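Colleague: I would like the atomic coordinates for the input below:
(one chain, ligands or ions: 2)
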Amino acid sequence: MNSITLPAPAKLNLFLHITGQRSDGYHTLQTLFQLLDFGDQLHYQRRQDEQITLQPDIPGVATEDNLIVRAARLLQGYAQQHRARVDLDNPPLGVDIHLDKRLPMGGGIGGGSSNAATTLLALNHLWGLQLDTDTLAELGRQLGADVPVFIRGKTAWAEGIGEQLQAVEMPEDWFLVLTPDCHVSTAEIFSHKDLTRGTSDITVAAFLEQGGHNDCQPLVRNLFPEVDSALEWLSRYGDAKMTGTGACVFAPFDDKASAEAVLAKAPDHLKGFVARGVNQSEVHQLLNR
Ligand SMILES: C[C@](O)(CO)[C@H](O)COP(=O)(O)OP(=O)(O)OC[C@H]1O[C@@H](n2ccc(N)nc2=O)[C@H](O)[C@@H]1O
Ligand SMILES: Nc1ncnc2c1ncn2[C@@H]1O[C@H](COP(=O)(O)OP(=O)(O)OP(=O)(O)O)[C@@H](O)[C@H]1O
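Modeller: Ligands and ions are numbered 1, 2, ... in the order given. Okay, the predicted model is just below:
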């Protein structure tokens, strides 16, 4: 196989409870990662040398820092180390990558993390590495706390720092996601003195019955008026919440038409998209074919 095209789906955090902080600074949390059927698109073309290229650049993100390039380099290094001992005649591990970016950055919908996960999955396939899911998830974890859920490709309950995952079947609701025009830094929110860090653990059953909240939401609302006004507007039509550390906000709807009807009413400055919640990522469905 010489080329492959795969999506990089977005996720929503249906709730996000911060339950504590570890000695390394990372926060322990509970969340429900809901995968969506909407995202970026990536195309991978094998090269006959060991170079890794990415087009087009993301404005404001240096190529070396791009999670797509970092994921490709990490996998290349891992494969070179582990393959060399087995077979020196392997074809070169190089690739030209093309990115069609649709997801807003810093939106709390996991765009960068999903790009990284799709890249690990795609190159494992394209380069014929046959690494198992646990190995890919561990490589992904080194790139970001949100990468493993996209590697496993299932809507999931998460604990720990977000890496302990348990698949959960959710009703495949439709969501209206609004993308306020501001960029929220995850690191800034997690290091803020006013973040609530002591929410008690709940069970999956308790969440399914009573729901949950997002501990980052009050803080982000205070810091970013754009998020505050998006939440206020969407609350008129549904159960509006923020995802992750923001900036995106969302509400569930029974069907696509209802979600689209609300989006059509949004004031000009409020952009967004309608997507369906899925229990399995489209990436895995395509790779399994
Ligand atoms: C808040 C969530 O979006 C929920 O889905 C994620 O847990 C964030 O995951 P992510 O964007 O992949 O985060 P990373 O890139 O690993 O970390 C960004 C920064 O957020 C902080 N961070 C992240 C995850 C976590 N459980 N505790 C943290 O304190 C760390 O300061 C870290 O430097
Ligand atoms: N391929 C990429 N796509 C998006 N962002 C990237 C990428 N590579 C690096 N980044 C950097 O990562 C930052 C976070 O991007 P991302 O879109 O994952 O945010 P997010 O949606 O808030 O993610 P999360 O929900 O995982 O916190 C961006 O601001 C950008 O600087």
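
Colleague: contact partners for the residue of the stretch 51-200 of the chain found nearest ligand 2?
Modeller: Residue of the stretch 51-200 of the chain nearest ligand 2, by Cβ to the nearest ligand atom: Gly112 (2.8 Å). Bear in mind the C-beta positions are built from the backbone N, C-alpha and C, glycine included. By Cβ atoms under 8 Å, 6 or more residues apart in numbering, the residues touching Gly112 are 67, 105, 144.

Colleague: hmm, 6 Å instead?
Modeller: Shown in contact with Gly112 (Cβ atoms under 6 Å, 6 or more residues apart in numbering): Leu67.

Colleague: next: Arg46.
Modeller: Arg46 makes contacts with 2, 126, as judged by Cβ under 6 Å, 6+ apart.

Colleague: shouldn't the residue of the stretch 51-200 of the chain closest to ligand 2 be within a helix?
Modeller: Yes - counting by DSSP: H, G, I helix; E, B strand; the rest coil, Gly112 is part of a helix.

Colleague: return the set of buried residues in stretch 66-84.
Modeller: Within stretch 66-84, the residues that count as buried by 16 or more other Cβ atoms under 10 Å are 66-72, 74-76, 78-79.

Colleague: now the residues you listed in TSV, with pLDDT?
Modeller: Shown next, in TSV, are those (pLDDT from 0 to 100):
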residue	pLDDT
Asn66	98
Leu67	98
Ile68	98
Val69	98
Arg70	98
Ala71	98
Ala72	98
Leu74	98
Leu75	98
Gln76	97
Tyr78	97
Ala79	95
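
Colleague: what does the protein put close to ligand 2?
Modeller: Taking Cβ under 6 Å from any ligand atom as the contact definition, the chain meets ligand 2 at 58, 61, 65-68, 105-113, 115, 146, 186, 244-245.

Colleague: among the residues you listed, which are in helices?
Modeller: 67-68, 111-113, 115, 186 (DSSP state H).

Colleague: rewinding a little: of the residues of the chain next to ligand 2, select the buried ones using a PyMOL command.
Modeller: If you want just the buried ones from these in PyMOL, going by 16+ other Cβ under 10 Å, the selection is:
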select buried, resi 58+66+67+68+106+107+108+109+110+111+112+113+115+146+186+244+245
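
Colleague: the closest residue to Asn124 other than its chain neighbours sits in which helix or strand?
Modeller: Leaving out its chain neighbours, the residue that sits closest to Asn124 by Cβ to Cβ, 6 or more residues apart in numbering is Leu131, at 5.2 Å. For Leu131, there is no helix or strand it lies in under DSSP states H and E.

Colleague: any idea how far Leu131 lies from ligand 1?
Modeller: Distance, Leu131 to ligand 1, by Cβ to the nearest ligand atom, to the nearest Å: 21 Å.

Colleague: surely that residue meets Leu121?
Modeller: No - using Cβ atoms under 6 Å, Leu131 is not in contact with Leu121; the gap is 9.8 Å.

Colleague: more neighbours, the two?
Modeller: Counted by other Cβ atoms under 10 Å, Leu131 and Leu121 do not tie: Leu121 has more neighbours, with 27 against 19.
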